[in-house]
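[1] Provided below for reference: sequence and predicted model.
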Amino acid sequence: MKIDLNLKIGGAAGQGLQTTGMALAKALKKSGFHVFATQYYLSRVRGGHNTFQIRISDSPVFAMNENVDILLALDSASIEQHLSELSDGVVVVDSDEIEVKQTADSIFHVPMLKIAKDVCGDKIYSNSVSMGAVIGLLCLELSDLESILKTTFKKKGEEIIQKNIDAARAGYNYVKENYPGGCKFEISDSDEKENMMLVSGNEAVGLGALAAGVQFLAAYPMTPSTGVMTYVAANADKFNVVVEQAEDEIAALNMILGASFAGARSMTTTSGGGFSLMAEALGLASITETPAVIFLCQRPGPATGLPTMTEQGDLQFALYAAQGEFPRCILAPGTPEECFHLTAEAFNIADKYQIPVFVMSDQYLADSLFTCPRFDTSKVKVERHLLSDQELRTKKEEYKRYKLTPMGISPRTLPGQAGVLVVADSDEHDEFGHINETPENRIKMNDKRMKKLEVLREEMPAAKVYGNRDASVTLVGWGSTYGPLAEAVDILNDGGKSVNLVHFTHIHPLPVEATRKLLSKAKKTVCVENNSTGQFSRLLKVDAAINVTEHVLRYDGKPFSPEFIIAALKEKEVI
Amino acid sequence: MVSMDDYGKFETAWCPGCGNFGILKAIKQALVNLGRSPHEVFIASGIGQSSKLPHYLKCNAFNGLHGRSLPPATGAKIANHELTVLAVTGDGDCYGEGGNHFLHTVRRNPDITMIVHDNQIYGLTKGQASPTSEMGMKTKVQTHGVFNMPLNPLSMAISLDCSFVSRGYAGNIPHLTKLIEKAIQHKGLSLVDVLQPCVSFNKLNTFKWYSERVYEMEETGYELNDRVKAFEKSLEWGDRIPLGVFYMNEKPSFENHLDVLIQGPLYKNVPKTELVNELIDGFV
């Protein structure tokens, strides 16, 4: 890794952080760099202090690091809070507009507002001036930013596009003429431009759902899950999808169960609070054996908690929510590619086993932007597992929705076909779906449902090992923490340590045998989780009788960085 | 030809003499009169004695959760709008536990016929007040008598501009049958609030009590799309209780606004998954 720079944009909500950050991230990706971008924002529409960070590298990056190289300060809080994060960096600030109390060599004044007014006649172009200034400090050509500005402002017309480009060029030129030496970091365009995407976790989940042929999505908006709903809605017409904003989360899950029962591939999206309301219908999905995909995007709780921040605090809840005992499946992607493929897989598992399937993400994975190889859609298969017309025509006996079978999976068909009636019930029921409260029937039906869990367990793949298989320290993680963990492994091994990562995406039912095989060899295991109690570690103990040696837990609302993990490991004297 | 026999005969868990029997008979008769075969019919229900109804006739059924008959009915109608979709529910189920779904399903206006067994009491849990219980009615829970104002389902539905609002009576099966037929034929959400005596727990609103009061509105005396007049009529309750259609408003149903359904039922669409590559191009 020759190039590894961190750009932080700080300012109040409403100042255009996201537009500036997104345009820069896209331009840098276009220049051939690996880009990782993440946001820290508060639950308000205007004001407060938010940040948008972009890390650029010539090697793949999946996490933030904590050293800032360029700080674009749009408010004075940016300087007060983040100046100390710079070692050999530069602060770009418009001192005409922002009071700068600190004196530091790193502070570089760019009169963004004045330039915008002089060049374009309007201060609103100052964001583009700042973008040009940043590209100038990085010693890059302006052409990639220009083409991004063209697409960003496409709908606003030629004049607006040209003014933004002029503004960016003026900012760029200002740096060339005024920054000592003409620029700060001498990096050149990388060659790796082919077939890389810049995509957020939520967009990747949306793409996965569309690739899997989702037909109906009902949800109630809740941060940080809403991005998936809006992404699917934006493409609904093109893909023939119906998206409905339900009156509440209770309606959302019940609605998709009705739609799924009648044959539409259906999903809902929510976060912890909304999922609390869905708990009742989760059980309904299971006892009626109706396929359902639930995108559960975590944020810190309980109750409203920290609504715009991140945590992996809902695993135990997803594992045990709703009354009774019943099968469910939990998948937890760690990268955008996994978001894409596991979402598609979730639909197939839901259809095959006729159970609720979770795709668990969190604010960090949902809102961050990653460069990754182009998603391979040829790997996505749509498997509906419905009785064929031929099978229906030739059936000898009356159709039984809950027919007892050795695998516990009953042949599924849809209402509306001549000669077939489909009856589903939330009460304990017989093979036809009619209420039956006898003890014998209860045992048969309960066993039938639970058997599906064991069959599915056989199908669940083992965790992935990153790094040397025989390392002396094994980090254990699940879901969104993959990026910072993998990077921590790289840094530690480069520094002469022997560390690997066992990362889980298929959480429940846990492939117990494969997990034991993987972890029984480990000399020292450290479970790293974004929660305060080590929920996944508890799952390993309960399901697979695996005792993790040590824990690194973070629950301040922020995601892990590789530095945080390494510092915690050192403090615990694990390495 | 569809006949009553096609809808089968089943043993029920209802009390002898229950008003539910009349409603079941009227639903079956209405479906037969309209020539709907059992496989074309889908009934969603919630929880309560009313909601067991789909188990007592042959049809496709989704007997779900308490208060939640409307969301799955809506979902099923979106997935396959060729189905004749009924939501069978009770006063506690629909106006209490499921009140929010009632409000918003009226706003959404899917082509669903909502049949509410309104017996003004909680039957399955043995006699507590419901949202439509009369003030002063004493129960084991409301020991000082019901204090909460009873909800008027018809006024509420009219105020929300529900596209078909009607009231039937479980003791007048021919009239109720016609009402259900009209409700099913109406495009959009239809409410059929059915006065249904609970012979075990409601000692006030009995068959005798209703029979002395209910009357069929031969002609309402106003145009059925007159919301203000309909509202006024819906307030009539006491010595005389009107039965019939109170309000009708021909407006597009929820499915109408979904362009994707023009080509056929949603579930039959072959998803255009190949287009995902075009979307991915936008991220490269």
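    Arrived safely, thanks for sending. Keep in mind that what you see is a predicted model, and the values were worked out from it rather than measured.

[2] now stretch B:185-196: buried residues?
    Buried residues in stretch B:185-196, counted by 16 or more other CB atoms under 10 Å in any protein chain shown: B:H186, B:G188, B:L189, B:S190, B:L191, B:V192, B:D193, B:V194, B:L195, B:Q196. From N, CA and C alone the C-beta is placed, and that goes for glycine too.

[3] quick one: mean pLDDT over stretch A:81-88.
    Throughout stretch A:81-88, pLDDT has a mean value of 93.

[4] farthest-apart pair in the buried residues of stretch B:185-196, please.
    Comparing every pair within these by CB to CB identifies B:G188 and B:Q196 as the most remote, at 24.0 Å.

[5] where does the spatially closest residue to A:R412 that is not a sequence neighbour land on pLDDT?
    Nearest residue to A:R412 in three dimensions, chain neighbours excluded: A:L386, at 5.6 Å (CB to CB, 6 or more residues apart in numbering or on different chains). Listed pLDDT for A:L386 reads 96.

[6] can you pull out the strands in chain B?
    Counting by DSSP state E, chain B has strands at residues B:41-45, B:60-63, B:84-90, B:113-118, B:164-169, B:190-195, B:214-216, B:241-248.

[7] now the stretch 451-575 of chain A
    A:464-466, A:473-478, A:499-504, A:506-508, A:525-529, A:550-553 (DSSP state E, counting those that start in this stretch).

[8] do the stretch 301-450 of chain A as well
    Taking DSSP E, counting those that start in this stretch as the criterion, the stretch 301-450 of chain A carries its strands at A:329-331, A:356-362, A:369-373, A:423-425.

[9] how many other residues sit next to the nearest residue to A:S520 once chain neighbours are set aside?
    Excluding the flanking residues, the one nearest A:S520 by CB to CB, 6+ apart is A:I546, at 7.6 Å. If you count neighbours by other CB atoms under 10 Å in any protein chain shown, A:I546 ends up with 21.

[10] do the same with A:N468
    Counted with other CB under 10 Å, the neighbours of A:N468 add up to 12.

[11] now it. Nearest residue, chain neighbours left out?
    Closest to A:N468 by CB to CB, 6+ apart is A:N500, at 5.4 Å.

[12] give the contact list for the nearest residue to B:N256 once chain neighbours are set aside.
    Leaving out its chain neighbours, the residue that sits closest to B:N256 by CB to CB, 6+ apart is B:K187, at 7.9 Å. Shown in contact with B:K187 (CB atoms under 8 Å, 6 or more residues apart in numbering or on different chains): B:D111, B:S163, B:E250, B:S253, B:N256.

[13] run the last query once more with 10 Å
    Applying CB atoms under 10 Å, 6 or more residues apart in numbering or on different chains, we find B:K187 in contact with B:N109, B:D111, B:S163, B:F164, B:E250, B:K251, B:P252, B:S253, B:E255, B:N256.

[14] okay, the fourth one and B:V192: tell me how far apart.
    Using CB to CB, to the nearest Å, we find B:F164 at a distance of 8 Å from B:V192.

[15] if I look at these two, which residues touch both of them?
    B:T113, B:M114, B:L179, B:K182, B:A183, B:I184, B:V245.

[16] correct me if wrong: the residue nearest to A:S520 contacts A:K521.
    No: with contacts counted by CB atoms under 10 Å, A:I546 stays clear of A:K521, the gap being 11.6 Å.

[17] I'd like to know how many residues surround the residue of the stretch 101-250 of chain B found nearest chain A.
    Minimum separation of the stretch 101-250 of chain B from chain A (CB to the nearest CB) falls at B:H104, amounting to 3.7 Å. B:H104 has 18 neighbours, counted by other CB under 10 Å.

[18] surely it and A:A218 touch.
    No: counting by CB under 10 Å, B:H104 stays clear of A:A218, with 11.8 Å between them.

[19] quick check: neighbours shared by those two?
    Shared contacts of B:H104 and A:A218, counting by CB under 10 Å, 6+ apart, come down to A:Q245, A:A246, A:A251, B:P71, B:T74.

[20] from those, which would you call buried?
    For the shared contacts of B:H104 and A:A218, buried by 16+ other CB under 10 Å: A:A246, A:A251, B:P71, B:T74.

[21] tell me which two in the residues you listed are the farthest apart.
    A:A246 and B:T74 (9.1 Å).

[22] so what sits against both of the two?
    Contacts common to A:A246 and B:T74, judged by CB under 10 Å, 6+ apart, are A:A218, A:N254, A:M255, B:H101, B:H104, B:R108.

[23] now A:G11: how far from chain B?
    26 Å (CB to the nearest CB, to the nearest Å).

[24] and that residue, which of the three is it?
    strand (DSSP: H, G, I helix; E, B strand; the rest coil).

[25] can you report how many residues neighbour it?
    Neighbour tally, A:G11, other CB under 10 Å: 22.

[26] out of everything not next to it in sequence, what's closest to whichever residue of the stretch 101-250 of chain A sits closest to chain B?
    The minimum distance from the stretch 101-250 of chain A to chain B, using CB to the nearest CB, falls at A:G213 (3.2 Å). Leaving aside its chain neighbours, A:G213 sits nearest to B:P271 (3.2 Å; criterion: CB to CB, 6+ apart).

[27] phi first, then psi, for the one you found.
    Main-chain dihedrals, B:P271, degrees, to the nearest 10: phi -60, psi 140.

[28] got it, and A:H49?
    Dihedral angles (degrees, to the nearest 10) for A:H49: phi -130, psi 110.

[29] just checking, it touches A:G14?
    No: A:H49 is beyond contact range of A:G14, at 11.9 Å (criterion: CB under 10 Å).

[30] so which of these two has more stuff around it?
    Counted by other CB under 10 Å, A:H49 and A:G14 do not tie: A:H49 has more neighbours, with 19 against 12.

[31] so which bits of stretch A:307-323 are buried?
    A:307-315, A:317-319, A:321-322.

[32] check stretch B:98-116 too.
    For stretch B:98-116, by 16+ other CB under 10 Å, it's B:98, B:101-102, B:104-106, B:108-116.

[33] over to stretch B:256-276?
    Of all the residues in stretch B:256-276, those buried under the rule 16+ other CB under 10 Å are B:N256, B:L258, B:V260, B:L261, B:P265, B:L266, B:Y267, B:N269, B:P271, B:T273, B:L275, B:V276.

[34] tell me, how many residues neighbour A:E186?
    11.

[35] the residue most distant from the middle of chain A, which is it?
    A:K396 (47.3 Å; CA atoms, centre = their mean).

[36] residue contacts, that one?
    Counted by CB under 10 Å, 6+ apart, A:K396 has zero contacts.

[37] and if you look at B:E223?
    Contacts of B:E223 by CB under 10 Å, 6+ apart are B:K229, B:A230, B:M248.

[38] mind telling me what element A:L198 is part of?
    strand A:196-200 (DSSP states H and E).

[39] looks like the residue nearest to A:G213 contacts A:Q215 (just checking).
    Yes: B:P271 is within contact range of A:Q215, at 6.6 Å (criterion: CB under 10 Å).

[40] identify the contacts common to those two.
    A:F239, A:N240, A:V241, A:R265.

[41] near chain B too, which of those residues?
    A:F239, A:N240, A:V241, A:R265 (CB under 10 Å from any CB of the partner chain).

[42] now rank those residues by neighbours and give me the top one.
    Result: A:R265 is most packed of those (other CB under 10 Å), 28 neighbours.

[43] was I right about it contacting A:V242?
    No: when contacts are counted by CB under 10 Å, A:R265 is not listed as touching A:V242 (11.0 Å).

[44] mind listing the shared neighbours of these two?
    What both A:R265 and A:V242 touch, as defined by CB under 10 Å, 6+ apart, is the set A:V214, A:Q215, A:F216, A:L217, A:A259, B:A79, B:L266, B:N269.

[45] so the third one makes contact with A:S260?
    If I follow you right, that is A:F216. Yes: when contacts are counted by CB under 10 Å, A:F216 is listed as touching A:S260 (7.8 Å).
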